[in-house]
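Enquirer: Need a 3D model of the following:
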Amino acid sequence: MKKIKETTAKLGKEVKRNIATAISAAFALVIALVWNNAIKSVIDEFTARIGITGTGYIYTLISAVVISIICVVGIMFFSRWSEKK
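Expert: Next up, the predicted model:
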């Protein structure tokens, strides 16, 4: 009976941990969507100021590549930062 209680307690902790992870991921998705709109607005404003108009796919592609590079560098930075003791 003691083993069943221990197993149940471990299972409960695991379920709570997984629920917390899922909720954190949902919050991260909301944050990403908000930043997506903000970044789009900045890019649209920038392209309008330098005289590039239109909705050509090439500008979307270029901005996606630039933002991806920035994000990869950010991921590398924060990964190294989190590993420091």
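
Enquirer: how many neighbours does residue 47 have?
Expert: By other CB atoms under 10 Å, the residues close to residue 47 number 17. In short, each C-beta sits where N, CA and C put it, glycine included.

Enquirer: pLDDT score for it?
Expert: Note on residue 47: pLDDT of 76.

Enquirer: per-domain residue ranges of the chain.
Expert: 1-52, 55-85 (automatic domain parsing).

Enquirer: and the last one, what's its mean pLDDT?
Expert: Per-residue confidence for domain 55-85 averages out to 78 on the pLDDT scale.

Enquirer: What separation is there between residue 3 and residue 15?
Expert: 19 Å (CB to CB, to the nearest Å).

Enquirer: what about these two, which has more around it?
Expert: More crowded of residue 3 and residue 15, by other CB under 10 Å: residue 15, with 10 against 7.

Enquirer: Can you name every helix or strand that the helix or strand that contains residue 14 contacts?
Expert: Secondary structure from DSSP states H and E places residue 14 in helix 2-49. With contacts defined as 3 or more CB pairs under 8 Å, 6 or more residues apart in numbering; DSSP states H and E, helix 2-49 has these neighbours: helix 57-83.

Enquirer: Show me what the helix it packs on is packed up against.
Expert: Going by 3+ CB pairs under 8 Å, 6+ apart, helix 57-83 lies up against helix 2-49.

Enquirer: between the helix it packs on and helix 57-83, what angle do the directions make?
Expert: With axes from the mean of the first three to the mean of the last three CA atoms, to 10 degrees applied, the angle from helix 2-49 to helix 57-83 works out at 140 degrees.
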